[in-house]
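Visitor: Give me a model of this one.
(chains A and B)
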Amino acid sequence: MSSRPSAFDALMSGARAAAAKKKAQPSSSPKKRKSPDSKPSQNPDSATVLETEAKGQENGDAAGNAVACKEVAALPAAKKVCVSASAQERTAQLKSKIAQLKRKAGDFDPKLIDCLKEGEKVPFLFLCLAFDLIANETGRIVITDIVCNTLRTVMHTTPDDLAAVVYLSANRIAPAHEGLELGIGDASIIKALAEACGGTEKQVKNKYQVLGDLGLVAKASRSSQTMMRKPDPLTVTKVFDTFCLIAKESGKDSLEKKKNHIKALLVAATDCEPQYLIRLLQAKLRIGLAEQTLLAALGQAAVYSEKHSNPPPKVQSPLEEAVKIVKQVYSVLPVYDKIIPALLSDGVWNLPKTCNFTPGVPVGPMLAKPTKGVSEIVQRFQDTEYTCEYKYDGERAQIHYLEDGSVEIYSRNAERNTGKFPDVVAVVSRLKKSSVNSFVLDCELVAYDREKQKILPFQILSTRARKNVVMSDIKVDVCIYGFDMLYLNGRPLLQEELKVRRECLYESFEEEAGFFLFATAITSNDIEEIQKFLDASVDASCEGLIIKTLNKDATYEPSKRSLNWLKLKKDYLDSIGDSLDLVPIAAFHGRGKRTGVYGAFLLACYDNNNEEFQSICKIGTGFSEAMLEERSASLRSKVIPKPKSYYRYAETISPDVWFEPTEVWEVKAADLTISPVHRAATGIIDPDKGISLRFPRLVRVREDKTPEQASSSEQVADMYTAQSHNHSNNQDDNEDD
Amino acid sequence: MLELRLVQGSLLKKVMEALKDLVNDANFDCSATGFSLQAMDSSHVALVALLLRSEGFEHYRCDRNLSMGMNLGNMSKMLKCAGNDDIITIKADDGSDTVTFMFESPTQDKIADFEMKLMDIDSEHLGIPEAEYHAIVRMPSAEFARICKDLSSIGDTVVISVTKEGVKFSTRGDIGTANIVCRQNTTVDKPEEATIIEMNEPVSLTFALRYMNSFTKATPLSNTVTISLSSELPVVVEYKIAEMGYVRFYLAPKIEEDEDETK
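Guide: Numbering: from 1, shown residues only, chains lettered A, B, ... in the order given. Purely as a prediction, here's the structure:
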């Protein structure tokens, strides 16, 4: 797409130039609904008029002005020359200036990028070139400088575009809780690419396999299709608005409409734009720009271009302070649409006042650091008061109850889950005390068997329908285990100590077994007591314990994995003791970093009775780069055109290549679970479902074993039954049946 | 104030069917001389120009030039509600953000009003120069539609070459190749069945069949189609609308591809 011929521009522009001249004489200008300067002619007749006039103009020097023509067509012809700059010149200008962004933030002045005029819509190319700079850097400080300078330039020229720039840099289109996603698969992008450059899907796919990144494919695609006219250069707002449109398309033909939007963007993209356009669409920007870095850059940029207020006098280092403020504000209100206007209008120092925790906007849940044993905990929390709570194995949820009585449930990733849990909505409304008129509750939703009064494993919970659940159809009941309170009756509690927050929690709800319970907790600092409590938690089908400070450093830190919360999981203590020896039978082509090697392998165990290999899991972790290369190379020679008749796997897996069974790999995993996809030990534990591994990772290659000596299906089944929580649940179920 | 009364309402329905697959949104321009539209598809590869001259309407009133942005899909939905014999009147007030379609049954016993919201569309008007074309082919429109449909089952692109022999449409796909030659033929009973080839220079151009097939949606508008070709210029596929104007499709050619599929 780098060079897209548009042979007609010269010809067409000749006509447009003529139109411009014609319009220069003020005649009765046609009525326009839109911006007055946009159109050379709306008179439907003009085309016919032009046809005669244009003949003399065709070969004219107007060719160079092709692009500018549209903007200036309404102006007198004389002015045209000075305004016009061809697209190529503009690209070159931007490119020559872009390196300035790499200057230290202190030495940079937005005026250095003088080819951007104040008030002009920020060209998408500018952002893409900045992305390019970032992608070529690895140091976080340099990247922060580049982003900071980019944002400052935008603040200086067109502050209105700042939100769009930030959203695109964060590779988002809306705050997570709005659930707005582009929803575009690779297949749609491949189609759009093929149509935009006049090739076939097959050609695009072949290139994809070689390059491993659709963005690079887009950049490398040379168009074989000419155009009627090169579209106007993309602007940041145009791209962002189109993304929003794409995300909002739904219903019939929405895929087709999305594809057309993508095509329209692709044909207008030049230089390195297609590459980043595609990556943004895939939501895989991958230039090493973490959101935290973006926030830091935003804070710094705000200080440099501060016009509104000076930093409070006592602040030593305004830059660091501003970064802290922006990060803090974003953690309690992760909505750029609110933060950026506030930042621009009232300045960074007023940000904590203008942007605060708002019920209805979920914050990232506070996370816990893993620990290895009880002794580590006692050591770490020596002098502080702390509490231990059961770590329930369910879904983390943040329940927002607003003053108007509406309830929203948000997942760990701030997705709106209200439609999935209508029963939870009913329960919290029923069991809150009457004095409570608004709250935000942090809790775990756990599958629960109300008849037998016991907790069911996570796998049962995940069988619930995901959308538009009707109360009467609910087969898996859930119990809410509340453990934290972020907001109560109009008062944010984030800055309060856990002790206070927990008091608020206990005072706000009635417990009811099987519906709403407070997380079981003890406050102790005796190793043995904690150890017992841990065992008790595992017996109660929990994952382990969460240990939290009560008084000191006990505020709620949204989306932080802080040391104030520690988790102690049974997995860490004794992950399934034995490793398994499994056979790679198929693989998937690698993408991105893993282009050219296999990205993931399908592993199988061996069923001695039926003499077949049964798929057990996909594996992609535990490989060093060298190891992956080595394995890929050795297996590449074992590729077979189709799976062996004695492979058992689900059709849905559809790997890219199949292998002869030759190698045996030692694999460790966190857990064994029932899987509808994999086939290991089918018929032993469950009549039609197999067993799979959770979080498998490669330990080493077993040179000493042949594929037939791999772990057998019976072994896998035994290991599954040996897991304690399955013992207590499924085993009982089987006996009951 | 705008009021256009078209006795053959079905004509407008056919026009919409011809355009709506190619273009989603477009500005309709009304002036004293006629009702017209010009728009490009989202990839900027094809351009469509529609003209309905004022003389073709039974009643044509357009006080001021007006440009109305419409979503063609929505417009087509509304026009589908009109009967084939209905008289259609397009009405709009100055500065209003809606347009009204009025459908009257021929016996005047049923009158329906449909009001549609207009939209702001950023599009520009290209001047289209009249070029000297190397070759102009006039043939029955149904025949052309058939050829495009048949070829698209075999390949993605069509090579249209005009020589002294006639006009040749050819394609190549995974399953094989296809060539269709149409010779000049003027000895027919009805003039619209004739195939007439005017050639100054031989010409051969490649086009995406996808677009050609979407152009042939205009077939019901006219018995004949005129294809004008010049090397390195967009092809013009024109369907004349009797006594009123035309729908013209412009399509940018493809560049001869290197054989990179074979690699």
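Visitor: CA atoms for contacts and neighbours, from now on please.
Guide: Will do.
Visitor: can you tell me which residues contact residue 149?
Guide: I'll assume chain A. A:L101, A:K102, A:A105, A:F108, A:P110, A:A301 (CA atoms under 8 Å, 6 or more residues apart in numbering or on different chains).
Visitor: Let me rephrase: I mean chain B.
Guide: B:N213.
Visitor: Could you give the secondary structure assignment for it?
Guide: Three-state assignment for B:K149 (DSSP: H, G, I helix; E, B strand; the rest coil): helix.
Visitor: how much space between it and chain A?
Guide: Separation of B:K149 from chain A (CA to the nearest CA, to the nearest Å): 18 Å.
Visitor: follow-up on the earlier one: identify the farthest-apart pair in the contacts of A:N149.
Guide: For the contacts of A:N149, the farthest-apart pair by CA to CA is A:K102 and A:A301; their separation is 14.0 Å.
Visitor: which of the two has more neighbours?
Guide: A count of neighbours by other CA atoms under 10 Å in any protein chain shown puts A:A301 above the other of A:K102 and A:A301, at 27 against 22.
Visitor: Let me see the backbone angles for that one.
Guide: Dihedral pair for A:A301: phi -60, psi -40, per degrees, to the nearest 10.
Visitor: separation between it and chain B?
Guide: 34 Å.
Visitor: Surely that residue is in contact with A:H156?
Guide: No: look at A:A301 against A:H156 with CA atoms under 8 Å: they stay out of range, at 10.3 Å.
Visitor: Could you list the low-confidence segments of the stretch 101-250 of chain B?
Guide: For the stretch 101-250 of chain B, applying pLDDT under 70 flags the ranges B:124.
Visitor: now the strands for it?
Guide: Counting by DSSP state E, counting those that start in this stretch, one finds strands in the stretch 101-250 of chain B at the ranges B:111-117, B:135-140, B:157-162, B:167-172, B:177-182, B:196-199, B:203-208, B:224-229, B:235-241, B:245-251.
Visitor: Need those strands in JSON lines (columns: distance to chain A and mean neighbour count).
Guide: JSON lines is the format used below for the strands of the stretch 101-250 of chain B (distance: least, CA to the nearest CA, whole Å; neighbours: other CA atoms under 10 Å in any protein chain shown):
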{"stretch": "strand B:111-117", "distance to chain A": "14", "mean neighbour count": "15"}
{"stretch": "strand B:135-140", "distance to chain A": "18", "mean neighbour count": "21"}
{"stretch": "strand B:157-162", "distance to chain A": "9", "mean neighbour count": "22"}
{"stretch": "strand B:167-172", "distance to chain A": "13", "mean neighbour count": "21"}
{"stretch": "strand B:177-182", "distance to chain A": "17", "mean neighbour count": "15"}
{"stretch": "strand B:196-199", "distance to chain A": "21", "mean neighbour count": "20"}
{"stretch": "strand B:203-208", "distance to chain A": "8", "mean neighbour count": "21"}
{"stretch": "strand B:224-229", "distance to chain A": "14", "mean neighbour count": "24"}
{"stretch": "strand B:235-241", "distance to chain A": "11", "mean neighbour count": "23"}
{"stretch": "strand B:245-251", "distance to chain A": "7", "mean neighbour count": "23"}
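Visitor: Save the ones you listed as CSV, and put in distance to A:A220 too.
Guide: CSV is the format used below for these (distance: least, CA to CA, whole Å):
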stretch, distance to A:A220
strand B:111-117, 42
strand B:135-140, 35
strand B:157-162, 22
strand B:167-172, 25
strand B:177-182, 29
strand B:196-199, 39
strand B:203-208, 21
strand B:224-229, 31
strand B:235-241, 28
strand B:245-251, 24
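Visitor: could you redo the contacts of A:N149 as JSON lines and give each row distance to A:P362?
Guide: Shown next, in JSON lines, are those (distance: CA to CA, whole Å):
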{"residue": "A:L101", "distance to A:P362": "35"}
{"residue": "A:K102", "distance to A:P362": "36"}
{"residue": "A:A105", "distance to A:P362": "33"}
{"residue": "A:F108", "distance to A:P362": "37"}
{"residue": "A:P110", "distance to A:P362": "35"}
{"residue": "A:A301", "distance to A:P362": "26"}
